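Chemist: Here you go, sequence then predicted model.
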Amino acid sequence: MKNIRHLIFLKDVLVLSFTSFGGPQAHLAIFFKILVQKRAYVTEAELMELYSFCQILPGPASTQTITAVGFKIGGPRLAFLTVLVWLLPAAMVMTAAAILVSYFQAQNLNLGIVKYLEPIAIGFVFYAVVKTISIIQKTKTAIIILILTASICFYISLYDKASPWMFPIILLISGFLTSFRFGKHEKEEKTPFNIRWANLILLGGIFLGAAVIGTITQALPIRLFENFFRNGSLIFGGGQALIGYFYTEFVEFKNYLTHSEFLLGYAFLQSLPGPVFTFASYIGALSMREYGIWGEIAGGFIGSFGVFLPGTILIFFIAPIWKNIKQYRIVKASFEGINAGNAGIIISTALMLALPMQKGEWHSIALNDGIAFGTMCILLFTRIPHPFLIIAGLLAGWVL
């Protein structure tokens with residue numbers, strides 16, 4: 001009976017991977033409908049606690065939430081299978097999209113059909129800005145941190161070649177600044193820890209091992225794996241924050257992708273269900289295009305495997321001790337700053353992505369800005385699904 005229940009759970013995860021649009025917040029509503037109301041794998045309170053727990057971990061929040069549900073009902077083995085079933089459909093599509101973009105460019109074929117997807121993608125990013133700001137704490141400290149992080153990141157990206165290490169350092173400082181406000185949180189009774197160090201040692205070992213081997217060999221696949229694994233280990237705030245990290249690392253710092261290729265992939269991503277972190281498959285595939293189609297397929301695999309692995313290992317390590325960790329008020333307090341810092345990073349990224357649209361003739365600039373603003377407003381004030389906007393952009397590019 002247990003094995004049959006696990007198979008049914010994996011089937012439900014596969015259904016969710018094809019129907020969950022809109023990022024972590026929208027995913028939660030769909031998880032509630034299937035995992036709580038329909039199947040009763042967990043209670044509403046258990047799902048909300050797992051979701052809150054994953055929101056303050058680095059890595060993909062939706063993926064970690066559904067992995068934690070799998071861990072709760074079937075242990076590590078079911079949790080691992082849950083990750084694979086959840087991410088594979090979107091990862092395969094994003095890899096295929098990268099291969100298609102690479103082919104069109106290699107053949108010097110006209111990509112005019114996708115010219116309106118860039119401003120639409122900018123609209124998606126600014127929508128993420130508004131949604132992220134709406135959910136952070138509106139304390140004076142949080143607002144100051146948001147403004148400072150946005151200004152610093154934008155200035156560094158604009159006038160200097162930004163380092164991919166900039167974001168985690170800024171987040172650590174942001175969390176440190178609000179950790180002193182722990183007094184506003186109620187004390188909780190402490191219970192002893194029962195820590196299983198193996199998973200944390202594995203996480204640190206892979207982190208350091210990939211960095212050392214990549215530096216020594218200079219092999220692009222290993223360096224790519226290290227890049228994605230590091231990002232998956234350090235990204236707080238889910239898919240919205242991911243965009244800033246990836247743009248800085250792979251477009252500005254390493255030039256593996258062009259600005260247009262990045263935005264095109266992000267637009268494709270918004271039309272797909274499943275985890276936002278599968279954007280790594282698209283970036284990985286294009287980063288490996290010099291090795292041909294098999295290199296692109298390998299790059300797609302490396303991207304998703306690298307970015308999802310640390311979050312999965314963290315679930316295995318932290319899930320058993322989560323109740324112990326959240327007892328400490330200083331931990332709770334630090335996330336006020338981390339969330340505000342994330343919002344600032346997303347604002348900076350949105351501005352950097354929008355800057356290239358401000359070049360050219362005035363009517364072209366006005367059109368692109370109008371499309372971006374209109375996309376943001378449609379997402380904020382209507383329930384039109386993301387894929388319809390992408391289809392409309394493709395049709396406009398084809399007709400015009």
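Modeler: Sure, I can see it. What you see is a predicted model; the values in this text were computed from it and never measured.
Chemist: Would you mind measuring from residue 276 to residue 18?
Modeler: In this view, residue 276 and residue 18 are 15 Å apart by CB to CB, to the nearest Å. C-beta: built from backbone N, CA, C; applies to glycine.
Chemist: So which of the two has more stuff around it?
Modeler: With neighbours defined as other CB atoms under 10 Å, residue 276 and residue 18 compare such that residue 276 has more, 25 against 12.
Chemist: Hmm, that one is touching residue 63, no?
Modeler: No. With contacts counted by CB atoms under 8 Å, residue 276 stays clear of residue 63, the gap being 9.2 Å.
Chemist: Now stretch 226-242: average pLDDT?
Modeler: For stretch 226-242, the mean per-residue pLDDT is 78.
Chemist: contacting residues for residue 150?
Modeler: 343, 344, 345, 347, 348, 351 (CB atoms under 8 Å, 6 or more residues apart in numbering).
Chemist: Per-residue pLDDT of the closest residue to the fourth one other than its chain neighbours, please?
Modeler: Nearest non-adjacent residue to residue 347, counting by CB to CB, 6 or more residues apart in numbering: residue 150, 4.1 Å away. pLDDT for residue 150: 90.
Chemist: Residue 150: what secondary structure?
Modeler: With DSSP: H, G, I helix; E, B strand; the rest coil as the basis, residue 150 sits in helix.
Chemist: and it, how far is that from residue 173?
Modeler: Per CB to CB, residue 150 is found 14 Å from residue 173.
Chemist: got it, and residue 256?
Modeler: 28 Å.
Chemist: out of those two, which sits in the busier spot?
Modeler: Neighbour comparison, residue 256 and residue 173: the larger count goes to residue 256, with 20 against 16 (by other CB under 10 Å).
Chemist: Now name the helix or strand holding the more buried one.
Modeler: Under the criterion of DSSP states H and E, residue 256 resides outside all helices and strands.
Chemist: Got the phi and psi for it?
Modeler: Residue 256 has phi and psi values of phi -70, psi -30 when expressed as degrees, to the nearest 10.
Chemist: ok, and the closest non-adjacent residue to it?
Modeler: Using CB to CB, 6+ apart and skipping residues adjacent in sequence, the residue nearest residue 256 is residue 287, 4.1 Å away.
Chemist: shaky segments in the stretch 201-350 of the chain?
Modeler: Applying pLDDT under 70 to the stretch 201-350 of the chain flags residues 236-241, 319-326.
Chemist: For the stretch 201-350 of the chain, which segments count as helices?
Modeler: For the stretch 201-350 of the chain, helices defined by DSSP state H, counting those that start in this stretch occupy the ranges 220-234, 238-246, 259-270, 279-287, 292-318, 322-325, 329-354.
Chemist: got the ones you listed as TSV, with mean neighbour count and distance to residue 124 columns?
Modeler: Converted to TSV, the helices of the stretch 201-350 of the chain look like this (neighbours: other CB atoms under 10 Å; distance: least, CB to CB, whole Å):
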stretch	mean neighbour count	distance to residue 124
helix 220-234	23	20
helix 238-246	24	9
helix 259-270	23	5
helix 279-287	30	12
helix 292-318	22	19
helix 322-325	15	32
helix 329-354	24	10
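Chemist: Include distance to residue 94 when you put these into a markdown table, please.
Modeler: Putting the helices of the stretch 201-350 of the chain into a markdown table (distance: least, CB to CB, whole Å) gives the following:
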| stretch | distance to residue 94 |
| --- | --- |
| helix 220-234 | 13 |
| helix 238-246 | 12 |
| helix 259-270 | 7 |
| helix 279-287 | 4 |
| helix 292-318 | 7 |
| helix 322-325 | 31 |
| helix 329-354 | 18 |
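Chemist: which stretch among these comes nearest residue 106?
Modeler: With distances scored as CB to CB, the stretch of these nearest to residue 106 is helix 292-318 (10.1 Å).
Chemist: chain center to the closest one: distance?
Modeler: 13 Å (CA atoms, centre = their mean, to the nearest Å).
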